[in-house]
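Enquirer: Need coordinates for the below:
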Amino acid sequence: MKVSEKLTETLNQEQELQFDEFTNGTALKLGLKLIELAKQGNKSIAVDIMKNGQRLFYHAMDGTSPDQEHWIRRKSNVVNRHFHSSFYVKLYNESKNRSYFDAYSVNPEEYAVHGGSFPLIIKNTGVIGTITVSGLSQEEDHQLIVDGLRSMLHL
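Expert: Prediction:
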């Protein structure tokens, strides 16, 4: 798939995967769903769900490392800055044939332009937080979130 096609697909996912409401209980259910999906695929991940600056869910499965927290923070910083998934921002800059760090003058210690963080979006409201997975390839981190959201939203 071409970068332009992946960009369109990722943008469509962001428009599709939105909640009517999102409570602390929803965060727990979503976090557990992501862990369940990882277990089904024999994968080890760390999951973080933030809403309005408050961490509602965090779990690091056996086989992960403390590095996952660093990746989660850096990937979610991209979402918080651009209100798009970190995978979308990566693809967007790739399509422009430019360095994200040069284009936005940001520190790689604070931002990671890799798939795996997705905006938590409320319909008719906007981005209110982040859903972040770390531990797999960037495409797999992103896809796991998409699969988990589709399951939660019954799509």
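Enquirer: Now Val113. Its backbone dihedrals?
Expert: phi -90, psi 70 (degrees, to the nearest 10).
Enquirer: now the strands for this protein?
Expert: Secondary structure of the chain, counting by DSSP state E: strands at 46-51, 54-60, 117-122, 126-134.
Enquirer: Give the rounded mean pLDDT of the second one.
Expert: The predicted model gives strand 54-60 an average pLDDT of 98.
Enquirer: and it, how far out from the chain's middle?
Expert: Counting by CA atoms, centre = their mean, to the nearest Å, strand 54-60 is centred 13 Å from the centre of its parent chain.
Enquirer: same thing with the first one?
Expert: Taking CA atoms, centre = their mean, the mean C-alpha location of strand 46-51 is offset from the chain mean by 9 Å.
Enquirer: Tell me the strands beside that strand, with direction?
Expert: Looking at strand 46-51 with DSSP bridges, its partner strands are strand 54-60 (antiparallel), strand 126-134 (antiparallel).
Enquirer: ok, and what's touching stretch 142-154?
Expert: Contacts to stretch 142-154, defined as CB atoms under 8 Å, 6 or more residues apart in numbering, come from residues 10, 13, 17-19, 26, 29-30, 33-34, 37-38, 43, 45, 85-87, 115-116, 118, 131-133, 136, 155. Placement of C-beta: from N, CA and C, glycine included.
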